[in-house]
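A.B. asks: here's a sequence, model it:
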Amino acid sequence: MTAEIGHFALVVALVISALGGVLTLAGAQTDLRSWMRTGPAAAVSLALTGTIAIGALAYGFVTSDFSILNVARNSNDALPWEYKLAAVWGSHEGSILFWVSTLTWWILAVAISARRLPEKVLARILGTLFLVAFGLYLFILTTSNPFLRLFPPAEQGADLNPLLQDPGMIFHPPLLYLGYVGFAVPFAFAVAALLGGRLDVAWARWMRPWTTVSWVLLTLGISLGSYWSYYELGWGGWWAWDPVENSSFMPWLTGTALMHSLAVTEKRGAFKIWTVFLAILTFSLSLLGTFLVRSGVLTSVHAFASDPTRGMFILIFLSIVIGISFLLFAWRASSVGTVSTFSWCSRESLLMSNNLLLVVGMAIVLLGTLYPLFLDAVGGGKITVGGPYFDSVFGSSMVPLSLILPMGAVCAWRQHDPAKLGRFLAPAFILAVVAGIATPFILGRWDWVTALGAFLAWWILFGAITDWVRYARTARAQKRSVFGQTLPWWGMHLAHIGLAMLILGAVTVTEFQVERNVTMNPGDQVTVRDVTFRYNGWVEYRGPNYTAAKGSISVLDAATGSEIQLLEPEKRNYDSVTNMSMTEAAIMHRPHEDVYVSLATPTTDGNGWVVRAYVKPLVLLIWIGTLFMSLGGLLACLERRRKTRED
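C.D. replies: Okay, the predicted model is just below:
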């Protein structure tokens, strides 16, 4: 019965999205108000049916309904209930269903929150979103139905991929999808503006919060995924430039540019064409990421060719959405554009440079991701574009962006005296140079990459402090609070400081981490950088659906030899069905470094293990920085919500 309910909900959602899209868009073009007014009701109905569908699949997993093929392939009775829930989006079919379900929730949120928009504008926005949902529901029903029956039902299911049996996988994909899919809303705003030939300050004011919320969710999703790979994969990497990672990173880069472009459109009425272009590009990259991850092409272009149904559908859908939207942009962009004048030394110029550099960075990542696939497809052989390319080429493009960031934050709109700007930021620049040079020496040795990264981080931080000091002096003279700046102002600088933390943490751990792979028997000690480890032994225990070897490794005080903390890394064997081994690292977090250990392979006598031991300085700044960035975005949203209520 669960499968029938879910399948029926999918069919109803397909019909609602088709009718909603046609009626609202046709009504907006023909001034049929009764047709336009079907949008909100269709949004409620679509969200309800979408929720029923994903709820039915979740119920099937939690109750181990092995008459559903998707459940039988990705779950079993021994799987803990929380991982049964995570299995809902752990499979291809479930993930696509969750993707479109989140889209229905976004559509409902727009219908409820945007009632003050002109009726035609709202109809065009909802109509665009309905048609995107229609394409995805059609894809599910024709190639990726998660409710296909298995007859006779399996007595026992297979196992969920052990990589996904982790608390991080309960939250990481939903956050990622909410951010990913959320950029459909700015895309729909852009299409509505092009169809209507009107893009004004009010349009930017309404679009900006949706963009910011989507960006915050995507930031949190990427950050959580990075931290998951750090502690789960057993080698301590936090970013591997994997194509799947890149698929979410590319829309994040252009989404960041879109937020800054919207700020200019709202404040100065400029960058309108640029804003529309970025909105279309960002959602197009979200769809491209879906194609790359879900078509099978990342595994092999030949695997894609041998079973092309899903991949071809996504590719055709991607081509239609991107093709039509960019053709519409080419046709109608001139109708929404305006001519704006501003000096080369102005906030507008610096934000334009910021956006160009972010798009260049995205293009670098896109090239490194797609080039190996293209070369393989044309018979040029298999190659891997790895970290050295991305670190050097992408990293180089981010250096000028970091240099102009503090200037853009304090520069005046339209025109600013370059000499005054230089004098204002000179103390921050000098302090950043000194701190940047000192940082690698404090860490133990000279390293020019660390010095450059540290300089950029300190430059961003001291630039933000300088701006606050300027405000504080003015506020004190006027007998106002020195913390009385607006929430967007605090949000901007918090986000920038978060970026500074990320830069400092990333460059420091990359250049100064120390790793040792050593065979250890009970009682053996090894020193890695400034940390001494003692291996005490290991025990075996049984988990709910795995057998694990749990190591016992003491972190010792260098002066007294006493134990500071006991670390217990594990090697788990998921032997119920998959017979797959997984490494569970143990980590001791300290303010200045992480102490990280994992088990590699046992010794032949069974008493010892090859232990991987790492010391990673300042690595936590990476994720603390992303939290600061997300908090900055939330503060900006809160201020905008308050202003909207006042209006």
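
A.B. asks: double-check that Tyr614 belongs to a helix.
C.D. replies: No: per DSSP: H, G, I helix; E, B strand; the rest coil, Tyr614 lies outside any helix segment and is strand.

A.B. asks: start the count at 16 instead of 1 going forward.
C.D. replies: Got it, the first residue is 16 from now on, which makes the last one we talked about Tyr629.

A.B. asks: give me the element the residue lying closest to it once chain neighbours are set aside is part of.
C.D. replies: Spatial nearest neighbour of Tyr629, excluding adjacent residues (Cβ to Cβ, 6 or more residues apart in numbering): Tyr611 at 4.2 Å. For glycine as for every other residue, the C-beta is placed from the backbone atoms N, C-alpha and C. Assessed by DSSP states H and E, Tyr611 sits inside strand 608-617.

A.B. asks: tell me which helix or strand of this structure sits lowest on mean pLDDT?
C.D. replies: helix 316-321 (a mean of 41; mean pLDDT, DSSP states H and E).

A.B. asks: tell me which other helices or strands the following helix or strand past that helix touches.
C.D. replies: Moving toward the C-terminus from helix 316-321, the next helix or strand (DSSP H and E) is helix 324-351. When contacts are defined as 3 or more Cβ pairs under 8 Å, 6 or more residues apart in numbering; DSSP states H and E, helix 324-351 sits against helix 134-158, helix 199-211, helix 287-309.

A.B. asks: highest mean neighbour count out of those helices?
C.D. replies: helix 199-211 (a mean of 25; mean count of other Cβ atoms under 10 Å).

A.B. asks: contacts only, for the residue nearest to Tyr629.
C.D. replies: Residues in contact with Tyr611, defined by Cβ atoms under 8 Å, 6 or more residues apart in numbering, are 251, 600-603, 628-631.

A.B. asks: pick out the lowest-pLDDT one from those residues.
C.D. replies: Ranked by pLDDT, these bottom out at Gly251, which scores 81.

A.B. asks: so it, which of the three states?
C.D. replies: coil.

A.B. asks: for it, give its distance to His604.
C.D. replies: 13 Å (Cβ to Cβ, to the nearest Å).

A.B. asks: for those two, indicate the residue with more neighbours.
C.D. replies: Gly251 (23 against 11; other Cβ atoms under 10 Å).

A.B. asks: let's have the helices and strands packed on helix 324-351 in CSV, adding distance to Ser106 and mean pLDDT.
C.D. replies: Below are the helices and strands packed on helix 324-351 laid out as CSV (distance: least, Cβ to Cβ, whole Å; pLDDT from 0 to 100):
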stretch, distance to Ser106, mean pLDDT
helix 134-158, 12, 93
helix 199-211, 23, 92
helix 287-309, 11, 89
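
A.B. asks: tell me which of those approaches Ser229 most closely.
C.D. replies: Among these, the nearest to Ser229 by Cβ to Cβ is helix 199-211 (6.9 Å).

A.B. asks: the closest one versus helix 324-351: what angle between them?
C.D. replies: Helix 199-211 runs at 50 degrees relative to helix 324-351, counting by axes from the mean of the first three to the mean of the last three Cα atoms, to 10 degrees.

A.B. asks: I'd like to know which elements helix 199-211 is packed against.
C.D. replies: Taking 3+ Cβ pairs under 8 Å, 6+ apart as the contact cut, helix 199-211 packs with helix 17-45, helix 107-128, helix 134-158, helix 216-247, helix 287-309, helix 324-351.

A.B. asks: the longest one packs against which elements?
C.D. replies: Think helix 216-247. helix 183-197, helix 199-211, helix 258-283, helix 287-309, strand 595-599, helix 635-661.

A.B. asks: now these in JSON lines, with distance to Thr465?
C.D. replies: Converted to JSON lines, the helices and strands packed on helix 216-247 look like this (distance: least, Cβ to Cβ, whole Å):
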{"stretch": "helix 183-197", "distance to Thr465": "29"}
{"stretch": "helix 199-211", "distance to Thr465": "37"}
{"stretch": "helix 258-283", "distance to Thr465": "23"}
{"stretch": "helix 287-309", "distance to Thr465": "32"}
{"stretch": "strand 595-599", "distance to Thr465": "29"}
{"stretch": "helix 635-661", "distance to Thr465": "13"}
